[in-house]
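Student: sequence plus the predicted model coming up.
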Amino acid sequence: SKLTAPRDFSPHPPSRRGAETPPDMIALQHAATVDEVYTVGNTRSLPRVFDIEGLQEQTLSQVACGEDFSLALTDNGEVYAWGDANYGKLAAPASADMPTDDDNLPYQPLPVRVHGFGGCRLVQLACGSNHSLALTEGGRVWAWGGAIFGRLGPADISNMPLDEDGDPYQPTPVNVDGFGSDRVSYIACGNIHNLAVTRAGTVYAWGGAHYGLLGIAAADGSEGLSTLPVDEGSGQPYQPKPTRLDAMAGEKVVQVACGSAHNLAVTAEGRVWAWGGAKYGRLGVGMRTLAAMPTDEDGDPYQPRPIKLDTFPAGWHIVQVACGEWHSLCLSDEGAICAFGSAVRGRLGLNNPAVFQRNDDGEPCMPTPERVVGFEGKKVVSISASAYFSLALTEGGDVWAWGQAAAGWLSVSCTNVVGTVPDFQPTPAHLNLAPRTHVMPAALRLTQDAPLLVIVSKERWQTPAAE
């Protein structure tokens, strides 16, 4: 079925995905070629392996996925796409010879090369729910897919094709203007907004602007939303032009992360800034700061301008941040993880309910950073956060998972005393991958709902037996 940007922008959790949801995918890399795909889910305790046709001779450096589509970036800067072919998701118009799903909508079952970047070599990809960004080696940004809320930048949408709801979409890549002479070094996508970091460490934001999502409020807290265009379907404001965030002036930001309603940024000095939706404590600012924030029409707090966090344990120097739907993760230079936000269904990996607080809905949360323990004493080198669970990669290539375990999403060996699979995994558990399989740190990625990993194995191993 067709997936578009949501019209309900409240930060409340959506219902669980139904049984019709396709399995998640994990790309396998062997001896500098990619020739296998893992799928997890559908209550399997081990990933299942399939061949990937179309990528056998390629070496992948990154993968990214949105809702029902996936992208892969090769070492030589080319992009491949597969999945839902509607509304420009694959950066190419759907063709009549494509197979169709039960709703008679076309999809591309095998990876196909994406063209249209002016001959530029690409170095990073990012996906929202139904739009994507690509970053070139020269620091330029390209965009395609769903165009509402100005997600594709200030491109003229008047001549774009429309979907069945009358929303414009861009079926081929377009250059995102608005950075002036600045060159971009890092990109990130939320569902309806984007962030970009320049080589000088400046952050730009564009897309949906409600409830502090872009962090463009003035120093006095005024948000200036009345001057922005408004989306006709939702009545919410948006900013199509990449806008510099002056709150972090003087800081050299090196990485950013987008949730659907909140954002984190980490600086070269190891400091973390946060803005956007603050419900469940996902900004890490503490209950007293939360109480002083403005609220939306549902009474939920939000931070309209980036705020620097001072709530980490003493001496922590953060090097990576990750945003889930309702929680956040931060990784220190010593390989330790802090988590904060919603503690429902084990998302935080904290097995000490005594430290949790309760929000106005009575749900457990952790409003300030708390260390996640486990990992058999190994140093964590990369983190990812999803809507329902989290992943961590440790030195040596081991992957650890925690959070909601229903439908086999975590693919971990976790059973309760009666031998049945529990609804969630409260603490980090080792992911069931084949022996001698090692994961590249740069390839650990999660969408809001599904994991996607590129895995390197120096030795070929036997496919796990079917259950």
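Tutor: Sure thing, it's come through. Numbers count the residues shown, from 1 in each chain.
Student: show me what contacts the residue nearest to Ala261 when sequence neighbours are not counted?
Tutor: Leaving out its chain neighbours, the residue that sits closest to Ala261 by C-beta to C-beta, 6 or more residues apart in numbering is Gly277, at 3.4 Å. In this view, the C-beta of every residue, glycine as well, is placed from N, C-alpha and C. The contact partners of Gly277, taken as C-beta atoms under 8 Å, 6 or more residues apart in numbering, are 11, 211-213, 259, 261-262, 300-302.
Student: reformat the residues you listed as CSV; add secondary structure and distance to Gly235.
Tutor: Below are those laid out as CSV (DSSP: H, G, I helix; E, B strand; the rest coil; distance: C-beta to C-beta, whole Å):
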residue, secondary structure, distance to Gly235
Pro11, coil, 17
Tyr211, helix, 13
Gly212, helix, 17
Leu213, coil, 15
Gly259, coil, 22
Ala261, coil, 17
His262, strand, 21
Asp300, coil, 18
Pro301, strand, 21
Tyr302, strand, 17
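Student: which of those residues sit farthest apart?
Tutor: Pairwise distances across the contacts of Gly277 (C-beta to C-beta) peak at 14.9 Å, for the pair Gly259 and Pro301.
Student: which of the contacts of Gly277 lies closest to Thr289?
Tutor: The closest of the contacts of Gly277 to Thr289 turns out to be Pro301 (C-beta to C-beta; 8.9 Å).
Student: count of residues packed around that closest one?
Tutor: The burial count assigned to Pro301 is 23, neighbours taken as other C-beta atoms under 10 Å.
Student: tell me the bridge partners for it.
Tutor: Counting by DSSP bridges, Pro301 forms beta bridges with Thr295.
Student: surely it and Ala278 touch.
Tutor: Yes: using C-beta atoms under 8 Å, Pro301 makes contact with Ala278 at a distance of 4.4 Å.
Student: any residues in contact with both of these two?
Tutor: 290, 293.
Student: all helices for the protein, in order.
Tutor: 287-291 (DSSP state H).
Student: I'd like the contacts of Gly277 laid out as CSV, including pLDDT and distance to Asp310.
Tutor: Output for the contacts of Gly277, formatted as CSV (pLDDT from 0 to 100; distance: C-beta to C-beta, whole Å):
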residue, pLDDT, distance to Asp310
Pro11, 29, 24
Tyr211, 95, 23
Gly212, 97, 19
Leu213, 97, 23
Gly259, 93, 21
Ala261, 95, 22
His262, 97, 18
Asp300, 94, 23
Pro301, 96, 18
Tyr302, 97, 19
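Student: so which of the residues you listed is the closest to Asp68?
Tutor: Closest approach between those and Asp68, by C-beta to C-beta: Gly259, at 19.7 Å.
Student: need the contact list for the closest one.
Tutor: Contacts of Gly259 by C-beta under 8 Å, 6+ apart are 190, 276-277, 282, 323-326, 328, 385, 448.
Student: first to last residue in stretch 373-385, what's the distance?
Tutor: Its start and end residues considered, stretch 373-385 measures 16 Å (C-alpha to C-alpha, to the nearest Å).
Student: need the contact partners of that stretch.
Tutor: 257, 259, 320, 322-324, 327-331, 334-337, 347, 349, 390-396, 398, 400, 427-428, 441-442, 444-446, 451.
Student: now, of those, which are buried?
Tutor: The neighbour-count test (16 or more other C-beta atoms under 10 Å) marks 257, 259, 320, 322-324, 327-331, 335-337, 347, 349, 390-394, 398, 400, 427-428, 444-446, 451 as buried among these.
Student: what residues are up against Thr136?
Tutor: Per C-beta under 8 Å, 6+ apart, neighbours of Thr136: 117, 120-123, 142.
Student: tell me what it is bridged to.
Tutor: In this entry, Thr136 is beta-bridged to Leu122, by DSSP bridges.
Student: number of nearby residues for Gly286?
Tutor: Neighbours of Gly286 under the rule other C-beta under 10 Å: 17.
Student: from what I see, it and Phe312 are in contact.
Tutor: No: with contact defined as C-beta under 8 Å, Gly286 does not count as touching Phe312 (11.4 Å).
Student: residue contacts, Asp360?
Tutor: With C-beta under 8 Å, 6+ apart, Asp360 has these contacts: Gly299.
Student: how far away is Glu363 from Gln303?
Tutor: 20 Å (C-beta to C-beta, to the nearest Å).
Student: low pLDDT regions in the stretch 251-400 of the chain?
Tutor: The model of the stretch 251-400 of the chain has no residue with pLDDT under 70.
Student: which stretches of it form strands?
Tutor: Assigned by DSSP state E, counting those that start in this stretch, the strands in the stretch 251-400 of the chain fall at 253-258, 262-267, 272-277, 302-308, 318-323, 327-332, 337-342, 357-358, 364-372, 380-385, 389-394, 398-404.
Student: so how many other residues sit close to Phe340?
Tutor: The burial count assigned to Phe340 is 28, neighbours taken as other C-beta under 10 Å.
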